[in-house]
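J.: Next come a sequence and a model predicted from it.
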Amino acid sequence: MELRLDRLTKQYKQKLAVDRIDLNLKCGVYGLLGANGAGKTTLMRMLCDIQDPTSGEIFYNGQNIRKMGEEYRNILGYLPQNFGYYPEFTAYKFLLYIASLKGIGKEKAKLRALELLDIVGLMDEKKRKIKTFSGGMKQRLGIAQAMLNEPEILILDEPTAGLDPKERVRFRNLISSFSQNKIVLLSTHIVSDVEYIADEILVMKDGRLIHRGAPEVITKEAQGLVWECRVDSKLAGQYVEEYNVGNLKNAGDETILRIISDTKPMEGAIEAEPTLEDLYLYYFSEEEKGQ
């Protein structure tokens with residue numbers, strides 16, 4: 001199983017949203033990291049054949065997905081950042097409706113809908129209207145609808161945005177349980193969402209794929225760039241303005257700062273072991289500040 005991107009490009013007037021991306025994806029979970037505006041959603045929409053590339057091609061097992069048409073969409077599951085639903089529908093009826101749109105037979109749809117409601121923890125809520133659901137419940141219903149056709153490719157765009165920490169953990173576990181023998185691409189700017197479940201991290205910036213690798217390997221890029229410093233708490237704000245600070249913790253009259261810097265930021269700074277979040281801040285701190 002292989003999804004191959006060949007010089008994939010998307011341009012909107014003067015803005016190059018996706019810039020000549022070459023990429024091969026095989027079975028596994030891929031975490032697509034990037035700040036808002038990096039081009040993640042545009043890339044995923046092209047992978048779902050919703051949006052046409054300006055140039056370049058996408059191949060699934062050697063076949064151009066544009067030529068595959070319905071055959072490709074039949075093996076695809078997609079959860080957009082804001083997926084559409086009918087608020088007056090119950091969870092069960094919504095899944096039956098989506099199943100009918102996907103061409104799944106009535107009896108199979110009933111069994112599959114109930115199976116997925118059980119898996120995502122919504123079986124007891126199957127007769128409740130979606131408008132009464134919390135954000136986490138809607139997202140769980142979203143992944144259920146994406147899995148109705150037992151897809152070989154599962155594409156999830158910012159699936160945990162707006163969820164509380166408990167719901168995010170539950171959602172990550174669901175994604176992990178669904179990922180066997182599938183290509184799963186999960187886009188996010190919340191690093192912890194992919195740190196523990198992704199086989200490979202893809203880092204996207206300004207429309208380009210700038211780095212990729214296993215989480216434990218890719219974090220080594222930040223080796224020698226992460227420092228822990230103890231400063232007078234009264235001066236902490238000054239250091240936050242001056243440096244790229246990933247974390248700070250008050251300790252009495254002192255504040256412990258975790259600083260990402262190419263050079264040792266101050267006397268007494270101790271080099272720290274980098275995490276994926278440190279690497280993200282190294283690449284995207286300016287974009288995040290601008291939001």
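T.: Perfect, I can see it now. Residues are numbered from 1 along each chain as shown.

J.: all strands of this protein, in order?
T.: If you assign secondary structure with DSSP state E, the strands in the chain sit at 3-12, 15-25, 28-33, 55-60, 63-64, 76-79, 153-157, 183-188, 200-205, 208-213, 226-232, 244-251, 254-260, 270-271.

J.: any weak-confidence spans in the chain?
T.: Per-residue confidence of the chain (counting by pLDDT under 70) places the weak regions at 286-291.

J.: Report the contact partners of the spatially most central residue of the chain.
T.: Using C-alpha atoms, centre = their mean, the residue of the chain that lies closest to the mean C-alpha position is S187, 2.2 Å off. Counting by C-beta atoms under 8 Å, 6 or more residues apart in numbering, S187 makes contact with 32, 34, 40-41, 43-44, 156-158. For every residue, glycine as well, the C-beta is placed using N, CA and C.

J.: now for those, which pair is the farthest apart?
T.: The largest distance within these, taken as C-beta to C-beta, falls between G34 and L156 and amounts to 14.5 Å.

J.: Give me the neighbour count for M44.
T.: Here the count is done by other C-beta atoms under 10 Å, and M44 has 23 residues near it.

J.: which ones are touching it?
T.: Under the contact definition (C-beta under 8 Å, 6+ apart), the residues listed for M44 are 32, 78, 155, 157, 185, 187.

J.: so how far is V184 from V29?
T.: Applying C-beta to C-beta, to the nearest Å, one obtains 5 Å for the distance of V29 from V184.

J.: Give me the common contacts of those two.
T.: When C-beta under 8 Å, 6+ apart defines a contact, the residues bordering V29 and V184 alike are I175.

J.: what sits opposite the closest residue to S285 other than its chain neighbours in the beta ladder?
T.: Nearest non-adjacent residue to S285, counting by C-beta to C-beta, 6 or more residues apart in numbering: N244, 4.7 Å away. Note on N244: beta-bridge partners by DSSP bridges are I260.

J.: N244 and F59: what is the separation?
T.: If you measure N244 against F59 using C-beta to C-beta, the figure is 39 Å.

J.: again, but for R168
T.: Here R168 is placed at a distance of 33 Å from F59 (C-beta to C-beta).

J.: More neighbours: which of those two?
T.: When neighbours are counted by other C-beta under 10 Å, R168 and F59 differ, and R168 comes out ahead with 20 against 17.

J.: Against G237, how distant is the more buried one?
T.: 30 Å.

J.: swap in G121?
T.: With C-beta to C-beta as the criterion, G121 and G237 are 43 Å apart.

J.: cool, R45 as well?
T.: Using C-beta to C-beta, R45 is found at 41 Å from G237.

J.: The two: which has the busier surroundings?
T.: A count of neighbours by other C-beta under 10 Å puts R45 above the other of R45 and G237, at 20 against 11.

J.: The more buried one and P53 touch, don't they?
T.: No - using C-beta atoms under 8 Å, R45 is not in contact with P53, being 9.9 Å away.

J.: Pull the contacting residues for the residue in the chain sticking out farthest from the centre.
T.: Relative to the centre of the chain, the most outlying C-alpha is that of D253, 38.8 Å out, by C-alpha atoms, centre = their mean. The contact partners of D253, taken as C-beta under 8 Å, 6+ apart, are 232-233.

J.: measure it to M266 for me?
T.: From D253 to M266 the distance is 17 Å (C-beta to C-beta).

J.: Could you do I218 as well?
T.: In this structure, I218 and M266 are 27 Å apart, going by C-beta to C-beta.

J.: out of these two, which sits in the more crowded spot?
T.: A count of neighbours by other C-beta under 10 Å puts I218 above the other of I218 and M266, at 21 against 15.

J.: burial of the nearest residue to that one once chain neighbours are set aside, as a residue count?
T.: For I218, the nearest residue in space outside its immediate sequence neighbours is I201; the separation is 5.1 Å by C-beta to C-beta, 6+ apart. If you count neighbours by other C-beta under 10 Å, I201 ends up with 24.

J.: give the contact list for I201.
T.: Counting by C-beta under 8 Å, 6+ apart, I201 makes contact with 30-31, 33, 194, 211-215, 218, 276.

J.: want to try TSV for the residues you listed, with distance to I98 as columns?
T.: Output for the contacts of I201, formatted as TSV (distance: C-beta to C-beta, whole Å):
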residue	distance to I98
Y30	25
G31	26
L33	29
V194	26
H211	36
R212	33
G213	36
A214	34
P215	33
I218	36
L276	34
